[in-house]
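*Asks:* please find the sequence and the predicted model below.
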Amino acid sequence: MKTVKNNNTEETIVAIIGAGISGLTLATFLQKAGITCIVLERRNRSYIEMRQRAGVVDARAVRMFERWDLADKLLAGPVATTIDYRLNGKGRIFKIAEDVGSSSRFCTQQMLVGNLMRELIDNMAGDVRFDVSDVVIYNEEGGCPKVTYSDANGSHELVCCYIAGCDADRGISRTSIPEGVITRYTHEFGYAWLAALVEAPVIGDPIMAISDHGCVAQLPRGPHRSRYYLQCPLGDNASDWTNDRIWNEIRLRLNDETIQNAVVHDKFIVPLRSVVYAPMQYRNLFLVGDAAHLVPPTSAKGMNLALYDVDILSQAILKAVQDKDTSALENYSEIVLPHIWNYQDFAVWMTDMMHDAGDPTQNGTFRQQIARARLDNLFNSETAAHLHSEYQRGTN
């Protein structure tokens, strides 16, 4: 149980910074295991529940939730088994080969966040504190970790054993680590995606489309909405893309004049990049998800890499607390990073294929033809199809 030392100081085993997918999932697992934790989030609950994020829960993550007896409570939506790969309007359906055990699900990240909050806060009485500010991490060698923060009731201090940095790429967790301790590895792809949430469902299969005019994708975001992604130059702003321009480009790139304009709820630019920070830990602070790595949305693996981190970290914390064995925590980075790099490779492969195969002004006609050959291999080679299925399921 949490211990109150005085009005402003409390003790807990784990302090979690950030109430996104990784923070909420980690807190739910720890709460279920009887390990005290407190989650600090700078936004309010309504904002977190309504925030739109991409994501398909892959088969590996489904099995993780099943191990915790939480899959039926947290995951919803149809099983994700197909992708419609199109080239200049001509589609081919790639069916993800089945694996023994669970299948991926089209449970959106927003849906999973809402389900996690209801399970953790409403059903399990988990401690998530919203609208906090001035968060500072103290993680000195030989000292007891602590986190200070402010809210409407004043200043507070959490004394803890471990800190989980789940506050994404621009949070305070990673920046609290002294300069020179971790290395940033990055790859810039040289282009961006315009992301547009529209009031139009996916009809049929999720679409990943290549065209001579650039890449376009349509992925489901609930029963009535979808997210379109349109390749665009890095220098573009969302304001450059009027609603009419968005729909005209969608029709052009999908080679489908029957598509009707629909309401565009929001739009923003996503520069495509891959980033890894290593190591992913410093003393008693452990980085999770986007705080430690980013992948381009082409791979649809950002959320699942975060869930993989949570899986490894939660087991390591349980082992440390329940068995007094800290070896897994001490080797957290070494355990997690090979998986991260493997899926960075997949993300680069997917991103290069989908964009090189399209507009030849991007990287030339030679790269265009190579990329189209790679796409053909998914349908002509059992070996290529099997490997692609493994990556899509998260089991590689």
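*Replies:* Yep, it's here. Numbering: from 1, shown residues only.

*Asks:* ok, for Ile17, nearest residue in space, not its chain neighbours?
*Replies:* Among residues not flanking Ile17 along the chain, Asp167 sits closest, at 4.6 Å (C-beta to C-beta, 6 or more residues apart in numbering). Where C-beta positions appear, they are placed from N, C-alpha and C, glycine not excepted.

*Asks:* roughly how far does the one you found sit from Asn88?
*Replies:* 42 Å (C-beta to C-beta, to the nearest Å).

*Asks:* give the buried residues for stretch 136-151.
*Replies:* By 16 or more other C-beta atoms under 10 Å, the buried positions in stretch 136-151 come out as Ile137, Asn139, Pro145, Lys146, Val147, Tyr149.

*Asks:* contacts for that stretch?
*Replies:* Stretch 136-151 is contacted from outside by 15, 17, 40, 129, 131-135, 155-163, 172-173, 176, 282-285, using C-beta atoms under 8 Å, 6 or more residues apart in numbering.

*Asks:* cool, stretch 230-245 as well?
*Replies:* Stretch 230-245 is contacted from outside by 190-194, 196, 214-216, 246, 249-250, 253, 261, 264, 267-269, 271, 355, 358-359, using C-beta under 8 Å, 6+ apart.

*Asks:* now for the residue nearest to Ile17, how many residues are close by?
*Replies:* 27 (other C-beta atoms under 10 Å).

*Asks:* can you check Arg367 too?
*Replies:* Using other C-beta under 10 Å, Arg367 has 16 neighbouring residues.

*Asks:* element containing it, please.
*Replies:* Here Arg367, judged by DSSP states H and E, is contained in helix 365-380.

*Asks:* and that helix, average pLDDT?
*Replies:* Averaging pLDDT along helix 365-380 yields 97.

*Asks:* list the buried residues of stretch 235-249.
*Replies:* Applying 16+ other C-beta under 10 Å to stretch 235-249 flags Trp241, Ile246, Trp247, Glu249 as buried.

*Asks:* quick one on the thing from earlier: pLDDT, secondary structure and distance to Lys73 for the buried residues of stretch 136-151 - can I get that in CSV?
*Replies:* As requested, these are exported to CSV (pLDDT from 0 to 100; DSSP: H, G, I helix; E, B strand; the rest coil; distance: C-beta to C-beta, whole Å):
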residue, pLDDT, secondary structure, distance to Lys73
Ile137, 98, strand, 32
Asn139, 97, coil, 34
Pro145, 97, coil, 31
Lys146, 97, strand, 33
Val147, 98, strand, 29
Tyr149, 98, strand, 30
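
*Asks:* tell me the two of those that are most distant?
*Replies:* Taking C-beta to C-beta as the measure, the buried residues of stretch 136-151 span a maximum distance of 14.8 Å, between Asn139 and Tyr149.

*Asks:* excluding chain neighbours, what is closest to Ile172?
*Replies:* Take Ile172 and drop its neighbours on the chain: the residue closest to it by C-beta to C-beta, 6+ apart is Val135, 5.5 Å away.

*Asks:* right, and the one you found touches Arg42 too?
*Replies:* Yes: between Val135 and Arg42 there is a contact under C-beta atoms under 8 Å: 7.3 Å.

*Asks:* what about stretch 351-360, how long is it end to end?
*Replies:* Stretch 351-360 has an end-to-end distance of 15 Å (criterion: C-alpha to C-alpha, to the nearest Å).

*Asks:* mind listing what's buried in that stretch?
*Replies:* For stretch 351-360, a neighbour-count test (16+ other C-beta under 10 Å) marks Thr351, Asp352, Met353, Met354, His355, Asp356, Ala357, Gly358, Asp359 as buried.

*Asks:* now intersect those residues with the helices, please.
*Replies:* Judged by DSSP state H, the subset of the buried residues of stretch 351-360 located in helices is Thr351, Asp352, Met353, Met354, His355, Asp356.

*Asks:* let me have those in JSON lines, adding distance to Trp341 and pLDDT as columns.
*Replies:* Listed next are those as JSON lines, based on distance: C-beta to C-beta, whole Å; pLDDT from 0 to 100:
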{"residue": "Thr351", "distance to Trp341": "15", "pLDDT": "97"}
{"residue": "Asp352", "distance to Trp341": "16", "pLDDT": "97"}
{"residue": "Met353", "distance to Trp341": "19", "pLDDT": "96"}
{"residue": "Met354", "distance to Trp341": "21", "pLDDT": "96"}
{"residue": "His355", "distance to Trp341": "21", "pLDDT": "96"}
{"residue": "Asp356", "distance to Trp341": "22", "pLDDT": "96"}
